[in-house]
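Student: below is the sequence, then the predicted model.
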Amino acid sequence: MTRKILATAGAAGVATAVIFASAAFSQDPPPAAGAPPPGPPPTVRMGLGVQGEILFNSSCTTCHAPQGGRSLDPRAPTQETLRQYTPERIHEALTTGKMQVQGAALTDPQRRDIAEWLSARRLGAAAAADAKSMSNRCAANPPLTAALGKPSWNGWGPGLTNARFQAAKAAGLSAADVPKLKLKWAFGIPNAVESYSQPTVFAGRVFVGSDSGQVYSIDAATGCVHWSYLAGAGVRSAPVVAAIGGRQALYFNDMKANVYAVDAHTGEKIWSTTADDQPLSRITGAPAVHAGRVFVATSSSEEISGLQTNYECCRNRGTVSALDAATGARVWKTYTIPTEPKIVGKRPDGKNKWGPAGVSSWSAPTVDPKRGVIYITTGDSFTEPAEPLSDSVVALDIKTGKVVWHHQEVANDAYMTGCNRPGPNCPATNGPDYDFAASAMLQTRADGKQVLVAGHKGGGVVALDPDKKGAVLWRVELSAKPPTARGDIVYGGAADARNAYYALQETAAVTAVDLANGKPRWKTPVKPPADREARLGSAAAVSVIPGVAFNGGWDGVLRAFATADGRQIWSYDTVQPYKTVNGVEAKGGSMGAPGATVAGGMLFVGSGYVGISNGMPGNVLLAFSVDGR
């Protein structure tokens, strides 16, 4: 699926592995029998560690197996152990250290790719991306308490409901203001290839993560930097600020499934913990914080092993955890698949087959204090038969984590990337990979009725009744034809009291549906600039303020649409180099995951999402205001 980082490929050689991996997303037919072997593949950047994971899984898993897996050398560190190393240490081992002999068969870029995938962090991030080395350090760092009343966009959405709707007073922008928006400042993220963390606005600060692992505190008005904190891996999630123990704490996750709390004023660490230590676990969605608890859900790249012969698949299960906000101690943990994986058979090559596995949760939990539950959305199963909670909206008891109810929208979805070609880990029937890849939205309609709305990659949107254990109120199909595994609705939509708004990736449009009955109100096709005609559609989340919906596309253009009729009223092409406030060389690129955030008369958005669709890389955070003031 589009939001998952490409993880595995075949063992027939690195070149073939890359070709197979690319084919998994292009849906190209397999080569004809007797056809000559393909030539070297083009170099395609697909996000942090993609090439490294292909290399590692095709060359290294024989010795470096996952915990509990079979290894030719029991003395070799497991994958879990290697993931704790820094990229510098791994690269040194492959270049001049203990693994020099094995590393000699690799080029230096390949050794770097392996190091960055295992560590989930860029080489050189610790020094090059530190705020202390930047030229625009803020002259003062006043306590956040002095600005607690300022408008905020705190986390994936402005509140617990994940509806991504910012009210007029907090937005500070009207529909009439939006056409006047101009760039106010640009902040360059050092040593980064892509921008995949959504900026949080709180108390006059902007908090944002990076694929280098640095999390920054930036002044919202000027772009000067207060501090940075280096996490153990790239930080893809939107940070969340909450008061705990007499101070404001900033909570965020990293791509090794670690959760952090740091002092939002100083950046000093309060605690960190690992939410899940299963092989290949990661956290891509934002945390949710409520009533002294931090709620996090985990995902995994294990799904993408359909063509990998060295890896005995599959063992990773999605999880949801509640942590004590003050200490990080686990309060409860729930697996989306209750049954622990075990050996379920043998592959034709004699290696073990494992199951059940999958049902990752890729997005931020939605908190419903009124009903005492949190809602998560889930993806497909990695093994067959597909699990009951796959492709579902799930309600969990907020105190215990027990499943209260669930609604499965797509049944029988067992999927492995790469399985449009034969592979030892492939389901008998593959796909369609119609995950719920975005959070469910809890919104109150104009008539006062609350509804829970969720869209999946198959282009379907369903509205559930939270008062009747998820009973279906309505559903609508927004795709003109069944999407491929790439998906139509990926990172999700936004909702006000009248409509839900979604960006459609393969349909290449932005659309609105009536919250009362699901009927489409308008659909606006989106056409890229002439020099980017192939970069159609959007996987990025929609954001909405009264009268205006914002969305950024694979073409790198941020657009604003009138919510009444879908007219485009403003756009800004982010694909350009920038003179940044911190002196870092930066450029914009595709937008494909996080959406824009709006607070206090300003709009903030990152540009440069690569993903697995060969998006245009970029490393810039942009801030807009009316006339650039």
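Tutor: Ah, there it is. Residues are numbered from 1 along each chain as shown.

Student: residues contacting M255?
Tutor: With contacts taken as Cβ atoms under 8 Å, 6 or more residues apart in numbering, M255 has the following neighbours: 5, 48, 120, 233-236, 282-284. Backbone N, C-alpha and C define where each C-beta goes, glycine included.

Student: which stretches of this protein form helices?
Tutor: Remark: helices of the chain, listed N- to C-terminal, are 14-26, 50-59, 79-82, 87-95, 100-103, 108-119, 125-128, 168-171; assignment by DSSP state H.

Student: weakest of those by average pLDDT?
Tutor: Averaging pLDDT over each of these singles out helix 14-26 as the lowest, with a mean of 29.

Student: what about the stretch 301-450 of the chain, any weak spots by pLDDT?
Tutor: Across the stretch 301-450 of the chain, residues meeting the criterion (pLDDT under 70) sit at 305-307.

Student: could I get the full set of strands for it?
Tutor: Counting by DSSP state E, counting those that start in this stretch, residue ranges of the strands within the stretch 301-450 of the chain are 319-324, 330-335, 342-346, 352-355, 366-368, 373-377, 392-397, 403-408, 441-444, 450-455.

Student: mind putting the contacts of M255 in JSON lines, pLDDT included?
Tutor: Conversion of the contacts of M255 to JSON lines gives the following (pLDDT from 0 to 100):
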{"residue": "I5", "pLDDT": "30"}
{"residue": "L48", "pLDDT": "54"}
{"residue": "A120", "pLDDT": "76"}
{"residue": "A233", "pLDDT": "87"}
{"residue": "G234", "pLDDT": "89"}
{"residue": "V235", "pLDDT": "94"}
{"residue": "R236", "pLDDT": "92"}
{"residue": "R282", "pLDDT": "92"}
{"residue": "I283", "pLDDT": "96"}
{"residue": "T284", "pLDDT": "94"}
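
Student: can you say which of those are buried?
Tutor: Applying a neighbour-count criterion of 16 or more other Cβ atoms under 10 Å, the buried members of these are 5, 48, 120, 233-236, 282-284.

Student: nearest to G401, of those?
Tutor: Compare each of the buried ones among the contacts of M255 with G401 using Cβ to Cβ and the shortest gap goes to I283, at 16.6 Å.

Student: excluding sequence neighbours, find me the nearest residue to that closest one.
Tutor: Sequence neighbours aside, N253 is the residue nearest to I283 in space, at 3.7 Å (criterion: Cβ to Cβ, 6 or more residues apart in numbering).

Student: need the contact list for the one you found.
Tutor: Contact analysis of N253 by Cβ under 8 Å, 6+ apart lists 235-237, 259-260, 275, 283, 285-287, 296.

Student: which of these fall in strands?
Tutor: Judged by DSSP state E, the subset of these located in strands is 259-260, 296.

Student: between these, which is nearest G213?
Tutor: Set against G213, the nearest of the ones in strands among the contacts of N253 by Cβ to Cβ is Y260 (10.8 Å).

Student: that closest one and V201, how far apart?
Tutor: The spacing between Y260 and V201, counted by Cβ to Cβ, to the nearest Å, is 19 Å.

Student: so which of those two has more stuff around it?
Tutor: In terms of neighbours (other Cβ atoms under 10 Å), V201 is the more surrounded of Y260 and V201; the figures are 28 against 24.

Student: and that one, how far is that from T284?
Tutor: From V201 across to T284, the span is 21 Å (Cβ to Cβ).

Student: before we move on, what about V513?
Tutor: 26 Å.

Student: L250 against A264, yeah?
Tutor: Yes - at 4.2 Å, L250 and A264 qualify as touching, with contact defined as Cβ atoms under 8 Å.

Student: overlap of the contact sets of those two?
Tutor: By the contact definition Cβ under 8 Å, 6+ apart, L250 and A264 are jointly contacted by 207, 217, 241.

Student: closest to F550 out of those?
Tutor: Using Cβ to Cβ, F207 is the member of the shared contacts of L250 and A264 that lies nearest F550, at 19.6 Å.

Student: quick one: contacts for the closest one?
Tutor: Neighbour list for F207: 199-201, 215-218, 239, 241, 250, 252, 264 [criterion: Cβ under 8 Å, 6+ apart].

Student: now M591: how far from G618?
Tutor: In this structure, M591 lies at 9 Å from G618, with Cβ to Cβ as the measure.

Student: the two: which is more packed in?
Tutor: Neighbours were counted for M591 and for G618 using other Cβ under 10 Å; M591 has more, 32 against 29.

Student: quick one on the thing from earlier: kindly reformat the contacts of M255 as CSV containing distance to T319.
Tutor: Shown next, in CSV, are these (distance: Cβ to Cβ, whole Å):
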residue, distance to T319
I5, 18
L48, 22
A120, 18
A233, 17
G234, 20
V235, 19
R236, 17
R282, 11
I283, 10
T284, 13
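
Student: count of neighbours near the residue lying closest to S228 once chain neighbours are set aside?
Tutor: The spatial neighbour of S228 that comes closest, neighbours along the chain excluded (Cβ to Cβ, 6+ apart), is A131 at 3.6 Å. The local packing of A131 (other Cβ under 10 Å) involves 23 other residues.

Student: next: T107.
Tutor: One way to gauge burial is a neighbour count; for T107, by other Cβ under 10 Å, it gives 9.

Student: related to what we said a few turns ago, any of the contacts of F207 buried? List them.
Tutor: 199-201, 215-218, 239, 241, 250, 252, 264.

Student: of these, closest to M602?
Tutor: V201 (7.7 Å).

Student: what pairs with the closest one across the strands?
Tutor: Residues found in beta-bridge contact with V201 (criterion: DSSP bridges) are W153, V206.

Student: hang on, isn't it packed against W153?
Tutor: Yes - proximity of V201 to W153 meets the contact threshold set by Cβ under 8 Å, at 4.5 Å.

Student: can you list residues touching both of these two?
Tutor: Once Cβ under 8 Å, 6+ apart is applied, the residues that V201 and W153 both contact turn out to be 597, 599, 604.

Student: redo those as a markdown table? Include neighbour count and distance to K269.
Tutor: Putting the shared contacts of V201 and W153 into a markdown table (neighbours: other Cβ atoms under 10 Å; distance: Cβ to Cβ, whole Å) gives the following:
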| residue | neighbour count | distance to K269 |
| --- | --- | --- |
| T597 | 28 | 25 |
| A599 | 26 | 26 |
| F604 | 23 | 25 |
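
Student: with respect to G172, which of the residues you listed is nearest?
Tutor: Distance from G172 was checked for each of these by Cβ to Cβ. The minimum falls on A599, at 7.1 Å.

Student: ok, the residue lying closest to V544 once chain neighbours are set aside to G350 distance?
Tutor: Counting by Cβ to Cβ, 6+ apart, A494 is the residue found nearest to V544 once chain neighbours are left out, at 4.0 Å. Here A494 is placed at a distance of 51 Å from G350 (Cβ to Cβ).

Student: compare the two (neighbour count), which wins?
Tutor: Set side by side, A494 and G350 give different neighbour counts by other Cβ under 10 Å, the larger being at A494 (28 against 6).

Student: give the bridge partners for the more buried one, please.
Tutor: Taking DSSP bridges, one obtains Y501 as the residues bridged to A494.

Student: pretty sure M616 sits against M591.
Tutor: No - using Cβ under 8 Å, M616 is not in contact with M591, being 9.3 Å away.

Student: got any residues that touch both of the two?
Tutor: When contacts are counted by Cβ under 8 Å, 6+ apart, the set common to M616 and M591 consists of 554, 556.

Student: how about stretch 356-374 as CSV, C-alpha atoms only?
Tutor: The C-alpha atoms that make up stretch 356-374 are tabulated as CSV, following Å, rounded to 0.1, in the frame of the first residue of the first chain:
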residue,chain,number,x,y,z
PRO,A,356,-1.5,-15.5,11.7
ALA,A,357,-0.1,-12.1,11.0
GLY,A,358,-0.9,-8.6,9.9
VAL,A,359,-3.8,-6.2,10.8
SER,A,360,-1.5,-3.3,11.3
SER,A,361,-2.9,0.1,12.4
TRP,A,362,-1.2,2.8,10.4
SER,A,363,-2.9,5.9,11.9
ALA,A,364,-3.7,7.9,15.0
PRO,A,365,-6.2,6.6,17.5
THR,A,366,-9.4,8.6,17.8
VAL,A,367,-10.5,9.2,21.4
ASP,A,368,-14.2,9.2,22.4
PRO,A,369,-14.4,10.2,26.2
LYS,A,370,-18.2,10.3,26.1
ARG,A,371,-18.5,6.6,25.3
GLY,A,372,-15.3,5.5,27.1
VAL,A,373,-13.6,4.1,23.9
ILE,A,374,-10.9,4.8,21.5
